[in-house]
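Visitor: Build the 3D model from these lines:
(3 chains)
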Amino acid sequence: MIPLSWFLILSAALFSIGLFGVLSRKNAVAILLGIELMLNAVNINLVSFWRYGDVSQMAGQVFAIIVFAVAASEVAVGLALVISVYRRRNTVIADELDLMKW
Amino acid sequence: MTAMQIFFLITGLVILGSALMVVTTRNLIHAALWLIVTLFGVAVLYAILNASFLAVVQVVVYIGAIAILFIFAVMLTRKEMRDRGPQLNTGWWLNAIIALLTFGGLFWMLQGWNGFSKTAADFPSGYDAVGQLGKALISPDAFVLPFEVASVLLLAALVGSVYLAFNRK
Amino acid sequence: MTTETLIWLIPLPPVLAFFLIVLFTNRNKALSHTVAVGAAFLSWLGAMIVFGNSIFKPDLGKAPFASSLNWIPTADTWLKIGVQVDPLSAVVLFFVAWTVLMIFLYSVGYHNYGQPAGDHDHPGLPPHGATDEHGHAVPSIEPMYSRFFAFISLFAFGMFTLVLSDNLLTLFAGWEIMGLCSYLLIGFWYGKESARNAAVKAFMTTRVGDVFMLLGIAFLYSATGSLSYRDIFQPQVLHALASVPTPIFGLSAAGLIGLLLFIGTVGKSAQFPLHVWLPDAMEGPTPVSAMIHAATMVSAGVYMVIRMFPLISLDPKTMTIIAIIGTFTAIFAATIAVAQNDIKRVLAYSTISQLGFMIAALGVGAYAAAAFHLVTHAFFKALLFLGSGSVIHGMEHGVLHTGDHSVDPQNMFNMGGLRRKMPITFWTFLIGGFALSGFPLLTAGFWSKDEILADAFSNGHLIVFITLAVAAFLTAFYTMRQITLTFLGEPRTKEAEHAHETSWTMTAPLVILAGFAISAGWVGIPQDFLGLHLNPSWFHEFVGSTLAAMPEATPFSWVAFGTSLLVALGGLFFGWLVYRNVAAPEQDKLQIPLLKNKYYFDEIYNFLLIKPSYWFAETFVYQWVDKGLIDGILHFFGKAANVIGSVVRKYIDLWFINQTVGDGTAHITQWVGKNLRPIQSGRIQQYMLVSLIVLLAIAGLLYYLLVIV
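Guide: Residues are numbered from 1 along each chain as shown, chains lettered A, B, ... in the order given. Prediction:
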């Protein structure tokens, strides 16, 4: 019915879109949005490989769950950072947060 | 073209379209909301893939927690109600090319794989995928350790984010 | 001990005395003069013993006492050092030993031994007088007393070496030692500039002669391979030398060698034209004048010519040159002597003249006569010099007494009437003066001078005869002039009035030498004197036996005898006649400027030779060559090194190494760093972009390498 390739192509496209968002958006929060998209693409990949492989092997789903947890924690910490930075620097434009330059 | 395929195509379009909107829209609130749409679409995709537990967890965790968190963050970090100026960096076309290249590369690599076009095996009836998932998550010779570590990670993230975002007044 | 060993030992005591005085006894004046006079006495003793052995040895000429040692190795032969006593050296040794001892003894008194040290005497200047406890000015002792004795001891050593040597090398060694000592002793009072100049002049002038003599010795050595007399005087060697012609003046080898050796004598014995040093040498103390100019050094020159007579007589041209120079010098010096006012200068020119006599005698072949005159001249000239020293001492006493130091104690016109004040000096000086003049029969000078004149006359050298006769007349004349002005008449100055006789150490030698001045001539009375048949002249027989062929005894000639009688007595009489009434230089008609100024020879030499030499040394060599050329080259090298150094510094060191390599590396590093820094912009999207691009690139590369290849 649905070939695996469709899922894989979909996840690749989603990943690319997320990548584009990460690279192009000015706002730091928007960058994190792009990261979320990428993580979702990964999850789609994992689950589709689970489904199209041996279903009794739970590794795919478990991995996806772990990714969920990681994504959640990462978003939490990232947004906390953004908020903290916003409080200090009064900006969330990623380009303006360049104190770690030379 | 079976019904599932059509259904899949619609879901896919929704996902990709809303993802595009996420990364291009000016208004960040809109972007967060488009993200919710994307996440919904991904949940539907999980359901197509018979990963029912994950579909629900997606909705609950991602949409219910993460997207809300995003909206909170956007609201907390706005200088005024409207976003002004372009939202994309000046070299965004280069980034687009890179994204396309990435996609092209991934596609090209995958299509060389002989398992690329295989179809799904039938889902065994009566197979309790969720129960098996639960068992896998807590049995010591399966994945209990990553599971516990993930919870520690969540604890660390919790503590960290609270500490970072704490407003000392 | 054999006679040969004793001969080796004769020169030793004086040289030991020299070293002892210089090293050890310099401070102790009494010890120094004891050492010196003792050494002279030991040498005298040895010499007398040797002389005694020599007279009684038969055929001494054929078999002399001889001994030699190998000294300097040269290729496959040796240069030797050795002694030889044949009749000639025996008689010369006799008079050298006597005169040296007398002069040493005299020096003790001359330098005022026993007197207090001077008030302001400096070493280097003549002693100037001291004040004794009564406040009188008295003569003071010479500050450099020991040094004087050291030098004259060395001088005696040189003379003994020369006389006793058996080869030209040892003779030359003694010759040069005496040259050195004459320099040291003429310049004894080195604080006086005139003394310094005189010392240099003496040394330089004799050096000119010595150079030619050395050339002659070298020529002789290369021609014959030996310098020893016995080897040279072999008949075949002499014959060979006489037959080899040389390109110079057409002389044979023997003649050229003889001429070169003779030039050494011209320098050393102050013949014309190298006579200029001897009058100036009167700057030295009087014992030095006696020693150098009477007894020893100038006699050495004549001795050498007599010694080399067999060689020199081979070439008639050389003999002619020698005769001409000798005769000319004799008359030339005699004419100058009549115009001199300094008592020592008269004697100096007299010495030059008498040496001219001897040389002329050798030039005409009068071997024994020349030797005879050498011996007698040594005695009476030494006597005259020592006597003049005694006179000067007496006059200085007068100067100290009156305190008027502007009066020259040596000027004869300040003297007069000293016969009463200094009787011993007067009588001995008179005997010496008569001997010099040739007072007949009683004095030694008569016999020797007569023999020379007889020899010249009978061998047909009439020009020589007449010139020497005129010179003899002048000799008597100026001698009597000297005696009259000094001793006869009345004292002309207060200083002369206060003169008195000198100590026994000075008068005893005078008496002894006067004895010799009288008696030395009697050993040489010719065989047929006045037509009487006497024994052959002992001197002629003895000394003549030195030659391979005994020279003939000169036949007695009434003409020669009469001439010499006439010139001697005539000269003495005229001298007394003219000068008994002369009291001041203005009255002296013979004060001709040309004669007084020695025919201006010093001025001529100064202009012709001295000034150009100074110019050459000072300007040419020093300024132009040394400072200009050589220093210029060195400065050039210095400047070139400087330039090279600065170029290296500027272009290689500063530019290349500092800037390009040194600072360049730093700049490049800085530039690279500065340009790489912007990569770290702090903007995370840029980081991500860069890392993605790199990731894509690496993925592509790996895919290419792993899959396609």
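Visitor: Which positions in chain A make contact with chain C?
Guide: Neighbours of chain C within chain A, by C-beta under 8 Å from any C-beta of the partner chain: A:19, A:22-24, A:31, A:94-95, A:97-102. C-beta: built from backbone N, CA, C; applies to glycine.
Visitor: Show me the strands in the stretch 1-150 of chain C, by range?
Guide: Taking DSSP state E, counting those that start in this stretch as the test, the strands found in the stretch 1-150 of chain C are C:65-74, C:77-85, C:130-131, C:137-138.
Visitor: Single out the most deeply packed of those strands.
Guide: Highest mean neighbour count of the strands of the stretch 1-150 of chain C: strand C:77-85, a mean of 20 (counted as mean count of other C-beta atoms under 10 Å in any protein chain shown).
Visitor: Which neighbouring elements make contact with that strand?
Guide: With contacts defined as 3 or more C-beta pairs under 8 Å, 6 or more residues apart in numbering or on different chains; DSSP states H and E, the packing partners of strand C:77-85 are helix C:3-9, strand C:65-74, helix C:145-164, helix C:168-186.
Visitor: what is the orientation angle of the third one with helix C:168-186?
Guide: Translated: helix C:145-164. 160 degrees (axes from the mean of the first three to the mean of the last three C-alpha atoms, to 10 degrees).
Visitor: what's the spacing between helix C:145-164 and its chain's center?
Guide: Here helix C:145-164 is found 12 Å from its chain centre; the criterion is C-alpha atoms, centre = their mean, to the nearest Å.
Visitor: Could you do stretch C:191-205 as well?
Guide: Put simply, stretch C:191-205 sits 11 Å off its chain's centre (C-alpha atoms, centre = their mean).
Visitor: what comes up buried for that stretch?
Guide: Using 16 or more other C-beta atoms under 10 Å in any protein chain shown as the test for burial, stretch C:191-205 gives C:195-196, C:198-199, C:201-205.
Visitor: For those, give me TSV that also has pLDDT.
Guide: Listed next are the buried residues of stretch C:191-205 as TSV, based on pLDDT from 0 to 100:
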residue	pLDDT
C:A195	91
C:R196	91
C:A198	90
C:A199	92
C:K201	90
C:A202	90
C:F203	91
C:M204	89
C:T205	90
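Visitor: which one of those sits closest to chain A?
Guide: For the buried residues of stretch C:191-205, the closest approach to chain A (C-beta to the nearest C-beta) belongs to C:R196, at 90.3 Å.
Visitor: Leaving out chain neighbours, which residue sits closest to that closest one?
Guide: Closest residue to C:R196 apart from its sequence neighbours, by C-beta to C-beta, 6 or more residues apart in numbering or on different chains: C:G187 at 5.4 Å.
Visitor: how many other residues sit next to B:K135?
Guide: 13 (other C-beta atoms under 10 Å in any protein chain shown).
Visitor: what about it, which helix or strand?
Guide: Per DSSP states H and E, B:K135 falls inside helix B:129-138.
Visitor: In contact with C:G682, which residues are there?
Guide: The contact partners of C:G682, by C-beta atoms under 8 Å, 6 or more residues apart in numbering or on different chains, come to A:97-102.
Visitor: gap between the residue nearest the centre of chain B and chain A?
Guide: With distances taken as C-alpha atoms, centre = their mean, B:L39 lies nearest the centre of chain B, 5.7 Å away. As for B:L39, its distance to chain A is 7 Å (criterion: C-beta to the nearest C-beta, to the nearest Å).
Visitor: looking at it, that residue is touching A:A41, isn't it?
Guide: No - under the criterion of C-beta atoms under 8 Å, B:L39 makes no contact with A:A41, lying 11.9 Å away.
Visitor: mind checking which of the helices and strands packed on strand C:77-85 is nearest B:T77?
Guide: Closest approach to B:T77 among the helices and strands packed on strand C:77-85 (C-beta to C-beta): strand C:65-74, 117.8 Å.
Visitor: want to try a markdown table for the strands of the stretch 1-150 of chain C, with mean pLDDT as columns?
Guide: A markdown table is the format used below for the strands of the stretch 1-150 of chain C (pLDDT from 0 to 100):
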| stretch | mean pLDDT |
| --- | --- |
| strand C:65-74 | 85 |
| strand C:77-85 | 86 |
| strand C:130-131 | 80 |
| strand C:137-138 | 79 |
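Visitor: okay if I get these as TSV plus distance to C:I217?
Guide: Rendered in TSV, the data for the strands of the stretch 1-150 of chain C read as follows (distance: least, C-beta to C-beta, whole Å):
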stretch	distance to C:I217
strand C:65-74	14
strand C:77-85	11
strand C:130-131	49
strand C:137-138	51
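Visitor: I'd like to know which of these lies nearest to C:G216.
Guide: Closest approach to C:G216 among those is made by strand C:77-85 (16.2 Å; C-beta to C-beta).
Visitor: Give me the contact list for the closest one.
Guide: If you take C-beta under 8 Å, 6+ apart as the criterion, strand C:77-85 is touched by C:3-4, C:7-8, C:50, C:54, C:60, C:64-73, C:93, C:164-167, C:169-170, C:225, C:227-230.
Visitor: Quick check: C:Q659 vs chain A, distance?
Guide: 27 Å.
Visitor: host element of B:S151?
Guide: For B:S151, the host element (DSSP H and E) is helix B:144-165.
Visitor: Any chance you could list what contacts that helix?
Guide: Contacts of helix B:144-165 (C-beta under 8 Å, 6+ apart): A:62, A:65-66, A:69-70, A:72-74, A:76-77, A:79-81, A:83-84, B:137-138.
Visitor: again with stretch C:237-248
Guide: By C-beta under 8 Å, 6+ apart, the list of residues contacting stretch C:237-248 reads C:223-224, C:231-232, C:251-257, C:310-311, C:314-315.
Visitor: ok, residue 97 - contacts?
Guide: Because you didn't say which chain, this covers chain A. Residues in contact with A:L97, defined by C-beta under 8 Å, 6+ apart, are A:28, A:85, A:89, A:91, C:682-684.
Visitor: The intended chain is chain C.
Guide: By C-beta under 8 Å, 6+ apart, the contact set of C:A97 is C:43-44, C:47-48, C:51.
Visitor: swap in C:S353?
Guide: Contacts for C:S353 (C-beta under 8 Å, 6+ apart) come out as C:329-334, C:337, C:471, C:474-475.
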